[in-house]
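Participant: Turn this into a model:
(one chain, ligands or ions: 1)
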Amino acid sequence: MSSTSSAWRLTYTGVTLDRAAAIRPVQSEIEGFYTSALSRVLPVWNGNHLFECDGVDAKALSIDEIASLSASTSDLIFLGLSGDIPWFALALHGEGEPDSKHLSGVFEPLHPRVGGLDADQAALLAYARGMVLWHANHLHCGRCGAPTASTDGGHIRTCTNETCGYRAFPRTDAAVITLVEHPDGLHCLLGRQSRWPDGMYSVVAGFVEPGESLEECVTREVNEETGIVVTDVCYQASQPWPFPSSLMLGFTAKASTTSFKPDDDELDDIRWVSREELSSYGEMGDDTPGPKLPNRHSIARMLIDGWRRER
Ligand SMILES: [Zn+2]
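Facilitator: Okay, here's the model as predicted:
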């Protein structure tokens, strides 16, 4: 199977900021950015991002504007520099939606709006989102249970218990996602989970476990979910997937068996699908009955479309 990775830019990749990691531990520099009129802030509330009311773009706020949201600079996370402009993510707390009307903005989920976003904005929001969600899920030390505090510009959470002092770094959960080709070269393996949107079919995916290589994970996940044995596991591309904290690692593999005997019940339906059949599959969001392809902004779709184009 030929490589499906190409010049195609996967959604959520390609953050254009200089991450400026050397600045993160320099508290005086970070605090200087807190008062800079240049600084731009991307707020995230309850997993939602701020978008313009009357447009498709994400909204970035000034430091002065975040004060009106009752936000604290201690909740700012330094993302990096765009030239001289410091960029931050901001975690907004509270169950009630922040009063954003005076900001001409509206808080909405990222993924349903990503189709209208510029690719650079999508990547930046994904980065901001991943950082904010990591903070929200690591408020206490995993070793001693004491509260943690944001340090190094928000790239470390340090335990406040001085006898512990454990430092936690932003977490990324590795997950493999694999397009499996039938031994005849004419069909690929798709399945669906009952919790997915109506009609959606996709390739096999699963989380990497401790003590396991990526290739071993591909082989195990495909076999657990379908009973298929694979060879020729080949890396293709990766995609940040901050919903909440995954990195999707895309592979292709070749099946050496064809009968379905799943070990688990993760997939409701499993099927071999030809290129001709794929061309009759619908798009997510359309009203047609019948099977549908994964969202165009997913690495699953990139793997399927790449395989479909091979011949
Ligand atoms: Zn601790």
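Participant: domains of this structure?
Facilitator: The chain breaks down into these domains under automatic domain parsing: 8-137, 138-171, 173-309.
Participant: got those domains as JSON lines, with distance to the ion and mean neighbour count columns?
Facilitator: All C-beta spots, glycine's among them, are computed from the backbone N, C-alpha and C. Formatted as JSON lines, the domains of the chain follow (distance: least, CB to the ion, whole Å; neighbours: other CB atoms under 10 Å):
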{"stretch": "domain 8-137", "distance to the ion": "16", "mean neighbour count": "17"}
{"stretch": "domain 138-171", "distance to the ion": "3", "mean neighbour count": "15"}
{"stretch": "domain 173-309", "distance to the ion": "21", "mean neighbour count": "17"}
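Participant: Kindly reformat those domains as JSON lines containing mean pLDDT.
Facilitator: Conversion of those to JSON lines gives the following (pLDDT from 0 to 100):
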{"stretch": "domain 8-137", "mean pLDDT": "92"}
{"stretch": "domain 138-171", "mean pLDDT": "97"}
{"stretch": "domain 173-309", "mean pLDDT": "96"}
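Participant: Give me the helices and strands touching the longest helix belonging to the chain, please.
Facilitator: Determined from DSSP state H, the single longest helix within the chain is helix 119-136. Applying 3 or more CB pairs under 8 Å, 6 or more residues apart in numbering; DSSP states H and E, we find helix 119-136 packed against strand 40-45, strand 48-52, strand 76-82, strand 85-92, strand 230-241.
Participant: Mind exporting the C-alpha coordinates of the second one to CSV?
Facilitator: Backbone C-alpha positions of strand 48-52 (Å, rounded to 0.1, in the frame of the first residue of the first chain) are rendered in CSV as follows:
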residue,chain,number,x,y,z
ASN,A,48,-16.5,26.0,24.2
HIS,A,49,-14.6,28.7,22.3
LEU,A,50,-15.4,32.4,21.7
PHE,A,51,-16.5,33.1,18.1
GLU,A,52,-17.7,36.3,16.5
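Participant: what residues does it touch?
Facilitator: With contacts defined as CB atoms under 8 Å, 6 or more residues apart in numbering, strand 48-52 is touched by 42-43, 57-59, 61, 100, 103-110, 113, 125, 128-129.
Participant: let's see 6 Å
Facilitator: 43, 58-59, 105-110, 125 (CB atoms under 6 Å, 6 or more residues apart in numbering).
Participant: The residue positioned nearest the centre of the chain pairs with what?
Facilitator: The centre of the chain sits closest to residue 241, judged by CA atoms, centre = their mean, with a distance of 1.2 Å. Judged by DSSP bridges, the bridge partners of residue 241 are residue 246.
Participant: okay but it is in contact with residue 248, surely?
Facilitator: Yes: between residue 241 and residue 248 there is a contact under CB atoms under 6 Å: 4.8 Å.
Participant: so where do the strands sit in this structure?
Facilitator: Counting by DSSP state E, one finds strands in the chain at the ranges 40-45, 48-52, 76-82, 85-92, 105-108, 148-151, 156-159, 167-168, 173-181, 187-192, 204-207, 230-241, 246-255, 269-274.
Participant: Save these as TSV, and put in distance to residue 8 too.
Facilitator: TSV is the format used below for the strands of the chain (distance: least, CB to CB, whole Å):
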stretch	distance to residue 8
strand 40-45	26
strand 48-52	24
strand 76-82	24
strand 85-92	26
strand 105-108	26
strand 148-151	36
strand 156-159	34
strand 167-168	34
strand 173-181	15
strand 187-192	18
strand 204-207	19
strand 230-241	8
strand 246-255	12
strand 269-274	21
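Participant: closest one to residue 117 among these?
Facilitator: strand 48-52 (8.8 Å; CB to CB).
Participant: now the angle between helix 119-136 and that closest one, please.
Facilitator: On the basis of axes from the mean of the first three to the mean of the last three CA atoms, to 10 degrees, strand 48-52 is oriented at 150 degrees to helix 119-136.
Participant: Contacts for stretch 221-237, please.
Facilitator: By CB under 6 Å, 6+ apart, stretch 221-237 touches 4-5, 180, 204, 206, 215, 218-219, 250-257, 260-264, 266-267, 270.
Participant: Over to stretch 72-83?
Facilitator: 17-20, 30, 34, 87-91, 131, 153-154.
Participant: can you tell me the distance between the two ends of it?
Facilitator: 25 Å (CA to CA, to the nearest Å).
Participant: just stretch 139-150 next, same as before
Facilitator: End-to-end distance of stretch 139-150 (CA to CA): 9 Å.
Participant: What of stretch 153-170?
Facilitator: End-to-end distance of stretch 153-170 (CA to CA): 12 Å.
Participant: Give me the residues contacting it.
Facilitator: Identification of contacts with stretch 153-170 by CB under 6 Å, 6+ apart yields 24, 30, 77-78, 134, 138, 141, 143-144, 146-149, 151.
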